[in-house]
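Undergrad: I need the structure of the sequence given here:
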Amino acid sequence: APQPSATPDPPPVAVLAAPDPNAAPPTPEGVRAALEPLVGAAALGSRVNLSVTDVQTGDLLYGRGADDGTVPASVTKLVTAVTVLAARGPAYRIPTRAVAGPNPGEVVVVGGGDPTLAVDDDGFYPGAARLTDLAEQVRQALGGAAPTKVIVDATLYAGPKYEPGWDADIPTGGYGGAVTALMTDGARQDPVAARKTLAAGSGHAVRVPEPDLTAGRAFARLLGVPDAAVQRGRAPAAGGTATGSPAPGTELGTVESPPVIRLVDIMISDSDNLVAEALARQVALARDQPASFVGAAKAMDEVVAELGLPADELALADASGLSRTNRISPSLLTDLIALAGNGSHPELAAIFGGLPVGGWSGTLLDRYDSAVTSAGAGVVRAKTGTLTGVHAIAGLVTTVDGRLLSFAVLTDRAPAGTTDETRVALDRIAAALAGCGCR
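TA: All right, here's what the predicted structure looks like:
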């Protein structure tokens, strides 16, 4: 047997420095002096809007177009995260149900909006609910009677499956897909291959065009029902009567997603667009709005206003940031991040668990590694966003004095062909905040 080591392992080093509540706050003059030479970088383009806020006090330290609506790209997911945590709570789980159909032998699988649902142990998302478990519950509930038909009920969602303002290549580009109330593995065609691709640093994956039917057929095969006996429909209301079989609408089984706090982590750390759209629809359902792009946007706006944030600086078409018609002001983002980080709403702090860390993880893994940005390594935690001509970053930074700041930098007129240069220019701004006391 291996012998215990005589020298214990050293304790792990904190990824992020803990903020010092007694640290002297930066001054607006100090922050301006640090950032003004950087915001005019040519790689940032002709419109650069930003905001810097002290998390402890909520004071605005620096603003440039801070209240102007700007295309946010994937930084939109911070709003999605905060609103779903406020509306549903961190512990909420999304159910997928099976009920008895209108006729003997029919089983209805009812999508509740869980985008992480897996067919079996080879699913894309760790800890996901599985159709294999749901099928086993159905078999037990039917007492050995063999199902003959599977009905797919994905009617919880309304409206179009693709946001009308998305670029034409989004549905086939590997980062978006049809938004349906029933799907497996975020609509990925091959979840095993997609996991390998993600581990290699890319979230690209081929998506199936009809996620609800694809999931329904997978469920049918687990029950021994042929694909030809799968069709879309609606679950019957419970309360009917039947002889020799469960009454129509009788629940035959339920599986549940990981909790919302985990789904938020996945959405932010992997910038998962379909998880974002699913979580936004949970906000809509919690606020009695249609589970659609329009209903989700309206509900998210309501929750932002309920939190005391400037909802008039928010205009959303989707929750993932794929739409170029989204507009968010930098000051709304910094206020939102400060609200989540100041302890007044503990449930909202869950947004920080999945935020990439500069030089350490996620979309910031390979950033903050140059001489001009290294001050941000390990102390910048932020969500990034990118569309053609659009670059954004928003999150937290701990200054050299231990003060915690929220920041957001958005540019939606960046020059073509300068992606790397633009990212460095953004990172220099956050690194400047990390490296100075700014007093």
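Undergrad: remind me which residues of the stretch 1-150 of the chain are low pLDDT?
TA: Residue ranges of the stretch 1-150 of the chain with pLDDT under 70: 1-9, 12-18.
Undergrad: can you pull out the helices in it?
TA: Shown for the stretch 1-150 of the chain, the helices assigned by DSSP state H, counting those that start in this stretch span residues 28-39, 76-88, 131-142.
Undergrad: Which stretch among these is buried most, on average?
TA: Comparing the helices of the stretch 1-150 of the chain by mean neighbour count (mean count of other C-beta atoms under 10 Å), helix 76-88 comes out on top with a mean of 27. (Glycine included, C-beta is placed from N, CA and C.)
Undergrad: Now do it: which elements does it pack against?
TA: Under the contact criterion of 3 or more C-beta pairs under 8 Å, 6 or more residues apart in numbering; DSSP states H and E, helix 76-88 touches helix 260-270, helix 273-286, helix 293-306, helix 330-341, strand 380-387.
Undergrad: will you turn these into TSV that also has mean pLDDT and distance to Thr76?
TA: Below are those laid out as TSV (pLDDT from 0 to 100; distance: least, C-beta to C-beta, whole Å):
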stretch	mean pLDDT	distance to Thr76
helix 260-270	96	11
helix 273-286	98	8
helix 293-306	98	10
helix 330-341	96	10
strand 380-387	95	7
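Undergrad: between the helices of the stretch 1-150 of the chain, which one is nearest to Arg97?
TA: Put simply, out of those the one that sits nearest Arg97 is helix 131-142, at 8.2 Å, with distance taken as C-beta to C-beta.
Undergrad: Break this structure into its domains for me.
TA: For the chain, whose domains are defined here by the TED database, the residue ranges read 28-89+265-435, 93-258.
Undergrad: Distance to Asn22 added to the ones you listed, as TSV?
TA: As requested, these are exported to TSV (distance: least, C-beta to C-beta, whole Å):
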stretch	distance to Asn22
domain 28-89+265-435	8
domain 93-258	38
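Undergrad: any idea which of those is most buried?
TA: Looking across those with neighbours counted as mean count of other C-beta under 10 Å, the highest average goes to domain 28-89+265-435: a mean of 22.
Undergrad: Now do that one: distance from first to last residue.
TA: From its first residue to its last, domain 28-89+265-435 covers 16 Å (C-alpha to C-alpha, to the nearest Å).
Undergrad: To Asp420, which of the helices and strands packed on helix 76-88 lies closest?
TA: Distances from Asp420 to each of the helices and strands packed on helix 76-88 were compared using C-beta to C-beta; the shortest belongs to strand 380-387, at 11.4 Å.
Undergrad: Can you list the neighbours in contact with stretch 188-208?
TA: 118, 122-124, 171-178, 184-187, 214, 270-272, 365 (C-beta atoms under 8 Å, 6 or more residues apart in numbering).
Undergrad: quick revisit: for Ala158, find the nearest of the helices and strands packed on helix 76-88.
TA: helix 293-306 (7.0 Å).
Undergrad: between that closest one and helix 76-88, what angle do the directions make?
TA: Taking axes from the mean of the first three to the mean of the last three C-alpha atoms, to 10 degrees, helix 293-306 and helix 76-88 form an angle of 70 degrees between their directions.
Undergrad: got the contact list for helix 293-306?
TA: Taking C-beta under 8 Å, 6+ apart as the criterion, the residues outside helix 293-306 that touch it are 79-80, 82-83, 86-87, 158-160, 163, 179, 277, 280-281, 283-284, 286-287, 289, 310-311, 314, 316-319, 332, 336.
Undergrad: Return the alpha-carbon coordinates of stretch 117-131 using PDB.
TA: Extracted C-alpha coordinates of stretch 117-131, given in PDB (Å, rounded to 0.1, in the frame of the first residue of the first chain):
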ATOM      1  CA  LEU A 117     -31.100  16.600 -21.400                       C
ATOM      2  CA  ALA A 118     -29.100  13.600 -22.500                       C
ATOM      3  CA  VAL A 119     -30.100  10.300 -24.100                       C
ATOM      4  CA  ASP A 120     -27.700   8.200 -22.000                       C
ATOM      5  CA  ASP A 121     -24.400   8.300 -20.200                       C
ATOM      6  CA  ASP A 122     -22.700   9.700 -23.300                       C
ATOM      7  CA  GLY A 123     -24.400  13.100 -23.100                       C
ATOM      8  CA  PHE A 124     -22.600  16.400 -23.700                       C
ATOM      9  CA  TYR A 125     -23.400  18.100 -20.300                       C
ATOM     10  CA  PRO A 126     -22.100  16.600 -17.000                       C
ATOM     11  CA  GLY A 127     -24.800  15.700 -14.600                       C
ATOM     12  CA  ALA A 128     -27.600  16.000 -17.100                       C
ATOM     13  CA  ALA A 129     -31.000  14.200 -16.800                       C
ATOM     14  CA  ARG A 130     -31.200  11.200 -19.100                       C
ATOM     15  CA  LEU A 131     -33.900   9.800 -21.300                       C
END
